[in-house]
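1. Next one to model:
(chains A, B, C and D, ligands or ions: 4)
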Amino acid sequence: EDFKIGLSNGWVGSEWRTQMIEEAEQAAAAWKEKGVNVEVVAQSANVDVPGQIAHVRNFISQGVDAIIINPNSPTAFDPVFAQAKEAGILVIATDAEVSSPDALYVGIDQKGWAMESAKWLAETLEGKGKVVAINGVAGHPANEMRVAGYREVFGEHEGIEIVNEVNANWDQAQGQQAMQNLLATYPDIDGVWVQDGMAAGAWRSIMDADKADDIAATGEIRKDFIDIWTENDLNSGASVNPPGVMASALNVAVLMLQGRELKEPATAGQYNNAMYLPIPFISSENLKEVAASVEGKPGYYSYTSSLSIEDTEALFK
Amino acid sequence: MNRVLEIAKNPLLIALVLIAALLFLGNTLSPGFASGGQILRLLIVAALLGIVAAGQNLVILGGREGIDLSVGGVVSLSAIVAGNVMNGMDGGIPLAILACVATGALFGLFNGLGVTLLRIPPLVMTLGMLGVLQGLLVVIRQGIPSGRAAPALSEFVTRPFLLGLPGIIWLWIGVGLLMAFILHRTVFGQRIYAIGSNEQAAFMAGVPVRHIRIALFMLSGVFAAIAGLCLLGYSGSSFANVGEQYMLPSIIAVVFGGTPLSGGKGGYTGTMAGAVLLVVLQSILTTINIDESGRQMVFGATLLVLMLFYGRGRGLRA
Amino acid sequence: MTSISSPTRQDSGRFRALLGRFPFLPALFILAVLLVLNGIFEPNSLSFRSLTGLVRTYLALMLLAVAQTYVVYAADIDLSVGAIASLVNVTIIVLMQHLGGGGLSVLAALGIGVLVGLACGLVNGFVVAALRLQAIVATFATSIFFTGLALVILPVAGMPAPTVFWRTYGGTFFGIPFVFYAAAALAILLYLLARTRLATQLLAVGDGQQAAFQSGLPVTAIRIGGYALCGVFAALAAFCITGDTASGDPLVGAKMTLFSVAAVVLGGSALSGGFGTVAGSVIAALIIGLINSLVFFAGTPSHWQNFVQGLAILAALMVGVLVSRRGRA
Amino acid sequence: MTKLKLSGVSKAYGATLALRRGDLELETGEVHVLIGANGSGKSTLCKIVAGSVRPDAGEVLLDGQAVTVSGPRAAQALGIGIFYQELSLADHRSVAENICLPDLPRKNGFFVDHEALLEKAGRYIALFETVAGAELNAETTVGDLRADQRQLVEIMKALATEAPILIFDEPTSALDRAQVDRFFEILRDLKEDGRSIVFISHRMDEIFAIGNRVTVIRDGETVGTEAIADTSPEAVIRMMVGEQETLASPRAAPPSHEASSNVALAVESLTGAGFRDVSFAVRRGEILGLGGLHGQGQSALLKALFGAPPARAGQVVLNGQPLRTESPRAAIAQGIAYVSGDRGRDGIISGRPILENVTPIHALRNRLVLARPGPLSEKALPALKALNTKFAGLSHSIGSLSGGNQQKIVIARWLIDKPDILLLDDPTKGIDLSAKADLFALIRRLAEEGLAILLYSSEDAELLNNADRILVFNGGAVSRELSGAERTRYNLYQAAYEAA
Ligand SMILES: Nc1ncnc2c1ncn2[C@@H]1O[C@H](COP(=O)(O)OP(=O)(O)OP(=O)(O)O)[C@@H](O)[C@H]1O
Ligand SMILES: Nc1ncnc2c1ncn2[C@@H]1O[C@H](COP(=O)(O)OP(=O)(O)OP(=O)(O)O)[C@@H](O)[C@H]1O
Ligand SMILES: [Mg+2]
Ligand SMILES: [Mg+2]
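-> Ligands and ions are numbered 1, 2, ... in the order given. Just a heads-up that it's a prediction; the model follows:
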C-alpha cells in the first residue's frame, strides 16, 4: 500500500513545531516495517492564514491522500477543507481544533490541558491564594481555550483570586519581563499560572527575585527547563502538550486510509469532531523519570509522547 | 520665553519628564512599581532594547531612508549562535562573543552591500533579510547540542556587578559613551551626519559614502548581535524568535529619542531615554489589570500621543 | 545641440521608456517564469481549479498590496493595513451574525465594513498628514490600536460567516468562478482610479511635498485621500479574506502587512514615492504566492523551506528594484 | 493703477530676520524688477505674496483691498501666479501634468480630462517651441529634462495659471541667451496684456532689458524704487550695497601668463558622458575659461576631472603624473578641488554646523580620525576670513546663512589645504554682485600663488573679465580657443552659435 500524506505547519517560530514535523516524519518511516509505504510531503514556513490555505490547495493539486495540518486559525479553513473532501482527501487537524465538519481533530484538549495544571496549582496552594496568569497571544483560539480552562478551575476554588492576567505572546523573554513587572506590583502573590515557554521565563524572574520558595508556578516541557526544575527543585507542575501529536494524527490517518473505522467516532470538543489524546502531567513525583527520558537531548527538545502504531490500532475496530 | 520653548522641545528632556511622570503614575496605580529594585530590572530590559536601538540609530542617522528591520532576526540568530558556542560554560564566552560579533557584522555587511551596491531601499533590503534570517533560524536549529547561557553571562546581565548595578547597565552606559564619542568627536561621526543630511554633497567632499553606509549596517548588526548575546544571558537559554520583539520598538525608541527617520539629525542620548520610556510604558500596561484588548488600545493611543511631542514634521507653510 | 548617442544607447533608451510606461513588466516576467516552473514541478498546479484557488487565496493580498500602493504613491507607508483588514473582518462577521445572515444583512455588513476601513484610513491620514507624525511609527501605533479594537469586537477567532457569503465567494456563475468576476471588477476599478485626479495628485505629492504644496495642491487633503483609499481597499481585502475563510479572526491580517509592502516593491513602485503602478503590486502578490508553492513543489526539505522562500523573495525584491529603477533612472 | 501693494511685510525664521520691512507697489501692466544681494529677502517676499510663507507682520493690498493670502491655493484664487527659484516640479510626472498641476482639468468630477490637459499644456509648450529643444514635449517626463528645460517648464507652469499677477523669482538663471530672449518677448506680450509682473534676476543686463521699474532690497528692507529709464546699473548697485563700499569696476583684460610655461594639468582626448575628444593644457597661475551655450559639456568635463563620474576615455596628466579620477575622493587626494554652483545639491551639508561644512576636505587630506573642534576652528577661521564670510559662530547651522555666504563656506573648505587645481563649475550662480567681486579677486590671487584654475561660468561677462584663455564648447567638443585680444563677446558668441 502506498499513501501520500501532506503535513502543513504555518509557523516555524518555535522549536516545538519543528520537533512536531520531525516526529511525524519518523512516524511515517515506521510504517515501512508494516509494509505500508507512507510518503510525507511537508510545508512548514511562516505564513499568514491565506498562505496556509494555499498549503492546502497545493496538497490538493498534488493529489495527496490525507492532509494533517496544524492550523493558524480554527475557522478559516472551512471552505478549503470542504474542497479537499470533495477531492477525496482525508483532513486531520492537530494541536488546534478546527470548526470544519469535513475534518477530524486529533490532539489534546487545550482546555483540559489548562485545567490539569490549574488543578495542580490550586491543590498545591491548598485552595487559597493570590494568583496571576501569563498567557499567550490574545485572541488566539488555543490561548483562549486555555484561559477558559484555568478560569473554570480557579472559579471552583473560593479562596483563589486571580489578581491579574497578562499576555506575553508565547515568548520566553516577554514572559520573563511580564513576571518581573507582576512581582514588583504584586509582591505577595502565591501562585502563577503560565503556559509553555513563557513558564521558563517566568520562573527565571521568580528565581531572580528569590521567591522560588514562596511561589508555586506551572512549568513547561522543554529539556532545558526540566533541567532547571530538577536542579533547583522548583515547586512546579506541567501539563504536556507533546509535539508527538502530529505523529499520532499521522497514525490515525494511515489507519483511516486503510479503511479501518474508529471504535468510537470522534465527536468530542466544541466542534464535535475531536478525538482527544491523553495529556501526560509532569510534577515533582515523576520529574526524575521525565528527566531521564530527555537525557542527552538538545535543550530545545520537548518531552514528548505519541500513540504508537499499536496504540492507534487499538482505537480502531 | 523662546529659550524656554527651545529647551522644552529637547527630546531628551521630554523623555526624562515623561519617564518620571509614568513612574509616578505606575506607582500610584500599583504601589511598588517604582521601587528601586524594579527600576533596576526595568533598566535591564531597557538596556537590551537600547543596545539594539544604538545600531538602529546609526543606520537611521545615515539617511537615505536608512532603517534596519532585520535587527530582530540578528538578535535571535546571535542568541542561538552564542548559546551553541558557549553551551553553558563560562570558558566559551570569549569565543561566543567573537562568533556573535562576526555573525552580526556578516549580516550587516549583506544589508550594507545590498543597499549600497545594488541600491535596494533599506526597508526592502532588511525586510527581505529578515525573511532569510527567520528561515536560517529554522535550518540551523536542526541538531544543535544545546542553547544554555554560561552562568557568568547570566550573572553579568541580571546580578549586581559594580556599585550595585548589573553589568549590562554598565555595558549600556559604555555603549552610550562610545556612541557619543563616535558621533561628536570623530571624523567618522561627522561623515555619518554628512551622508545623512546631504549624500551628494558628502560624496563631492570626498566622503566614502558607500563604505560608511556599509559600516553603519555592520555596526547595526553588531549591536543587535551583542543584544542577542545579552538576551541569552537574560533568559538563560536561547529559543526561536527571541529577537522578534525588537524590530519596531527599536525604531520607536530612536524616534522617541528625537532622531527623525529622515536621518542626518539627532543622537543617541535621546534614544537611550526613548528606550527607557518605551519599556516603562509597556510595563505599566502589564501591571494594570485590564483586558489585553484594552491594553493594546491604550498602548497604541499612548504611542500616538507621545509622538506628538517628538519631531513632528515641519509644516508645509513656513 | 547635437546629442551624442550610439545605437546601443537607443536600444536601452527604448527599454527604459517601455519600463517607464509599464513598470510592472519585470514582475509580469517573473510571474510567467514562476508559473512555468510551478507547472514543471507540479503540472496540476496549472489546472483551472488550481489557478482559481490561487486567485481565490491571493485576491486578499492583491487588494492589500493595492491599498499599500496608494499611500506609497505619496511617499507614505501604512503598517496598519493588516490590522485594518482584521478589524473589518471581525466587524462584518459580527454584524452579519447579529443581523441574521441573510443576503440583505450581508450587504449591510459589507457597507459598514467599507465605512470602517474608510474610518481607519482617515485616522491614519489624520495622524500622518494632519498631525505630521512619521508614517512608519504612527501607523505602527494605529495598528496596535486597531488590533485592540478588533479584539474587543471578537475576542477570539471563530464565528462562522453566513453560508450565502462564502458560497458566493467560492462559487461559480455561468461556469466562471466568482473570483474572476471580482478580479475583473478590480481591474476596471483600478483602471478608473488611475485616471482620477487623486491618483495624479498623490504621485505629484510623492515626487515632492513642498513642491506640490507650492504648486497649490492641497497636500494634506491629498495624503489623507491616499490613506482613505488605502483603508477602503484594506476593507475590500478583508471581504476576500472573509470569503475565503468564512470566519472571523481578530489577528488574521497581522502577518499580511509586511507582505503588502514587499508586493509594492516587487511590483516596481518606488517606496520613495512618485512612481509606480497598482498593476505591478497585484502581480507581485501572486508572485509571493507562487514562490511559496514553488518552493514546496520543488521538493525542498521542510526545514529549509522558510529559508529558501526568504532568499527567493529577497532575490525577487532585488530584481524588482533593480529593473524598475532602469525605467526611471 | 496699483495692482498689488505690500507694506511693512516681515518674516523671521527662528533667529534669522529674513525680511524686516518689505514694501512693494506693483502697477498694472509693468515688469517690476526686484534686486538685492543674496539673502536680502527677495524670495521670502515673493513667497509671502504667493502664500507659501506666512508673514509675521505687514499688509498685503490687492486692488486696494487688504487681503490675507492663506496659502498657495488662496494665492491662485486671488490671481497670483509664481515661478519658484528652486522650482516646484514633480520629477516623475509629464511636462503636461506639471504645467497643469495646480488645476488639473477635470472630467465627470473625479477624472483627469486628458484631452484638455494636452491641449492646455500644448499652448504653453508651443510658446517656447523654438528654443526648448526637441525632447521637451507634453509627454516627456520632467525628470529626464536638462536644468534649463526644467526651468522653462516652471515658467510654463506659472504662465498657465493665467494669473493677472505673475512673479518670476530668478527664472533665467539656467537659461541660455536665446531662451532668455524668447522669454522676454513673452513677458512683453503679457505686459501689453495688462498683466503685472515681478521679475528677479542677478543679471544687470536682463534687468535693464526688460524692467519698467526696479525696487532694491537690502538686508531685508526695501531701499527704494526707481524707474529703469531714470537710473543706471551703477546707481542700482550703489543702492544695493549701500554706502559701505563701492564695487570694484570690472577688471580690464587680465594679465597673460604666457611666460610661466609650467603645465599643471594636461588633458588628452578626454571623452565622457556629454563631452568628447577634449584636449587642452593649463599652466600654473593661469585661469582657463570654459565658455559656450548651456550644457555643451563644460560642467560634465569638470565633473569628470573630479571623478563624478569619471571620463570614459582619454588621458589626464597632473604635474607630469597620470591622474586617477575614479572618484572625487581620489581626485581630492591628488590635489584637485571642485566648486559647484549647485550648492544645495553638491555643496552644503544642510542642518550641520558651519565648522563641519568647512573642514571635510581638511579631514580627508590629513586623514584625521578625531574631530577636535579647537584645532579645526583654527584651520577654518582664516579660510572663512579670506572670503569675508559673514557668520555668527562656527557652531551655528549652515542653514542660518544666506545663499551667498553658504557658497563662500563651500569654497572655503578648499582653501585650508591648498589644492593644485581648482575646478570652478559656475561658482557664482546665485551669488550677489559684491560677493562675486570678492570671489574673483580671491581666485586671481590664488592663481598668482600658483594654482591652475578652470572656470566655467554661465555669464559671459565673468568669463571675459576673468579668464586668461577661453575654450568655447559646442556639442560636447571644443570648437574654438580664444586668447589674448580675441577674447571678445563677439568671438565668444560666434564660436558658441556656430553649429548650434
Ligand atoms: N557620478 C556621481 N555623481 C554624483 N553622485 C554620485 C556619483 N557616483 C556616486 N555618487 C553618489 O555617491 C555615493 C557613493 O559613491 P561611491 O560609492 O562611489 O563612494 P565610495 O565608493 O564610498 O568612495 P571610495 O571609492 O572613494 O571609497 C553614491 O551612492 C551616489 O549617491
Ligand atoms: N526656510 C528658511 N529657513 C531659515 N532661513 C531661511 C529660510 N529661507 C530663507 N532663509 C533666510 O532668509 C534670508 C533671506 O532669504 P531669501 O531666500 O529671501 O533671499 P534672496 O534675496 O532670495 O537671496 P538669493 O538671491 O540668494 O536667492 C536669508 O538669510 C536666508 O538664509
Ligand atoms: Mg532667492
Ligand atoms: Mg539667487
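2. just for the stretch 151-300 of chain D, where's the confidence low?
-> D:241-261 (pLDDT under 70).
3. Actually, chain C.
-> Using pLDDT under 70, chain C drops low at C:1-13, C:324, C:326-329.
4. Strands of that one, residue ranges please.
-> C:158-160, C:172-173, C:176-177, C:247-248 (DSSP state E).
5. Next, see if stretch D:5-17 gets close to chain B.
-> Yes: interface with chain B: stretch D:5-17 contributes D:Tyr13 (Cβ under 8 Å from any Cβ of the partner chain). Where C-beta positions appear, they are placed from N, C-alpha and C, glycine not excepted.
6. wait, what's in contact with A:Ala96?
-> A:70-71, A:74, A:107, A:110, A:141-142 (Cβ atoms under 8 Å, 6 or more residues apart in numbering or on different chains).
7. try 6 Å this time
-> A:71, A:142 (Cβ atoms under 6 Å, 6 or more residues apart in numbering or on different chains).
8. Verify the assumption that it is located in a strand.
-> No: counting by DSSP: H, G, I helix; E, B strand; the rest coil, one finds A:Ala96 to be coil, located in no strand.
9. Not counting sequence-adjacent ones, nearest residue to residue 276?
-> Picking chain A for this. A:Asp109 (4.6 Å; Cβ to Cβ, 6 or more residues apart in numbering or on different chains).
10. Oops, wrong one, chain D.
-> D:Gly476 (5.1 Å).
11. Verify the stated contact: the one you found with D:Phe275.
-> Yes: in this structure, D:Gly476 is within contact of D:Phe275 by Cβ atoms under 6 Å, at 4.5 Å.
12. Spell out which residues are contacts of both of these two.
-> D:Gly297.
13. Could you check how far stretch A:33-47 is from the centre of its chain?
-> Centre-to-centre, stretch A:33-47 and its host chain are 20 Å apart (Cα atoms, centre = their mean, to the nearest Å).
14. Surely A:Asp78 touches C:Thr245?
-> No: between A:Asp78 and C:Thr245 there is no contact under Cβ under 6 Å: 7.5 Å.
15. Neighbour count: the two, which is higher?
-> C:Thr245 (29 against 23; other Cβ atoms under 10 Å in any protein chain shown).
16. Enumerate every residue touching C:Gln106.
-> Slight slip there: residue C:106 is Val, not Gln. C:96, C:165.
17. hang on, the earlier thing: hey, which of the strands of chain C is tucked in deepest?
-> strand C:247-248 (a mean of 28; mean count of other Cβ atoms under 10 Å in any protein chain shown).
18. Establish whether that one and chain A are in contact.
-> Yes: using Cβ under 6 Å from any Cβ of the partner chain, we find that strand C:247-248 touches chain A at C:Ser247.
19. List the contacts of that strand.
-> Outside strand C:247-248, the residues that reach it (Cβ under 6 Å, 6+ apart) are A:75-76, C:89-90, C:93, C:154, C:159-161.
20. in which helix or strand would I find the one residue in the stretch 51-200 of chain A that gets nearest to ligand 1?
-> Ranked by Cβ to the nearest ligand atom, the top residue of the stretch 51-200 of chain A for proximity to ligand 1 is A:Gly51, at 35.7 Å. Element membership of A:Gly51, judged by DSSP states H and E, is helix A:49-62.
21. what's the answer for A:Thr230, then?
-> Assigned by DSSP H and E, A:Thr230 belongs to helix A:223-232.
22. Which parts of chain B are strands?
-> Using DSSP E, strands in chain B cover B:160-162, B:165-166.
23. Against D:Lys303, how distant is the residue nearest to D:Arg276?
-> 13 Å (Cβ to Cβ, to the nearest Å).
24. related to what we said a few turns ago, which element is encountered next along the chain beyond the helix holding A:Gly51?
-> Next element after helix A:49-62 (DSSP H and E): strand A:66-70.
25. which residues touch the most centrally placed residue in chain B?
-> The centroid of chain B falls nearest to B:Ala53 when counting by Cα atoms, centre = their mean (1.8 Å). Contact analysis of B:Ala53 by Cβ under 6 Å, 6+ apart lists B:250, B:253-254, B:271, B:275.
26. close to chain C, is the helix holding A:Gly51?
-> Yes: under the criterion of Cβ under 6 Å from any Cβ, helix A:49-62 makes contact with chain C via A:49-50, A:53-54, A:57-58, A:61-62.
27. want to throw the residues you listed into TSV with distance to ligand 3?
-> Shown next, in TSV, are these (distance: Cβ to the ion, whole Å):
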residue	distance to ligand 3
A:Val49	56
A:Pro50	54
A:Ile53	59
A:Ala54	58
A:Arg57	62
A:Asn58	63
A:Ser61	65
A:Gln62	68
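28. could those residues be laid out in CSV, adding distance to A:Glu22, pLDDT and neighbour count?
-> Formatted as CSV, the residues of helix A:49-62 next to chain C follow (distance: Cβ to Cβ, whole Å; pLDDT from 0 to 100; neighbours: other Cβ atoms under 10 Å in any protein chain shown):
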residue, distance to A:Glu22, pLDDT, neighbour count
A:Val49, 24, 85, 29
A:Pro50, 26, 86, 28
A:Ile53, 24, 92, 30
A:Ala54, 23, 92, 25
A:Arg57, 25, 92, 23
A:Asn58, 21, 92, 26
A:Ser61, 25, 90, 23
A:Gln62, 21, 90, 18
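29. quick one, helices of the stretch 151-300 of chain A?
-> A:172-185, A:196-208, A:223-232, A:245-257, A:287-293 (DSSP state H, counting those that start in this stretch).
30. repeat for the stretch 51-200 of chain C
-> Going by DSSP H, counting those that start in this stretch, the stretch 51-200 of chain C shows helices at C:81-98, C:103-125, C:135-153, C:163-170, C:178-194, C:197-207.
31. Need the three-state assignment for D:Ala363.
-> Relying on three-state DSSP, one would call D:Ala363 helix.
32. A:Val38 too?
-> strand.
33. most centrally placed residue in the chain?
-> With no chain named, the answer covers chain A. For chain A, by Cα atoms, centre = their mean, the most central residue is A:Asn241; offset 3.7 Å.
34. That was the other one, I meant chain D.
-> D:Lys429 (3.1 Å).
35. and that residue, how far is that from chain B?
-> 15 Å (Cβ to the nearest Cβ, to the nearest Å).
36. pLDDT at that residue, what is it?
-> Looking at D:Lys429, its pLDDT is 74.
37. what does the one 4 residues further on give?
-> Among the per-residue scores, D:Leu433 shows a pLDDT of 75.
38. ok, now which ones touch it?
-> Counting by Cβ under 6 Å, 6+ apart, there are no residues that D:Leu433 touches.
39. ok, now how distant is it from D:Asp420?
-> Relative to D:Asp420, and taking Cβ to Cβ, D:Leu433 is found at 30 Å.
40. what does D:Gly450 give?
-> 8 Å.
41. Let me see the mean pLDDT of stretch A:251-269.
-> The model assigns stretch A:251-269 a mean pLDDT of 90.
42. mind listing what's buried in it?
-> A:251-257, A:266, A:268-269 (16 or more other Cβ atoms under 10 Å in any protein chain shown).
43. I'd like those written out as CSV, with distance to A:Asn232 added.
-> What follows is the buried residues of stretch A:251-269, written out as CSV (distance: Cβ to Cβ, whole Å):
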residue, distance to A:Asn232
A:Asn251, 37
A:Val252, 39
A:Ala253, 41
A:Val254, 42
A:Leu255, 43
A:Met256, 45
A:Leu257, 47
A:Ala266, 41
A:Ala268, 38
A:Gly269, 37
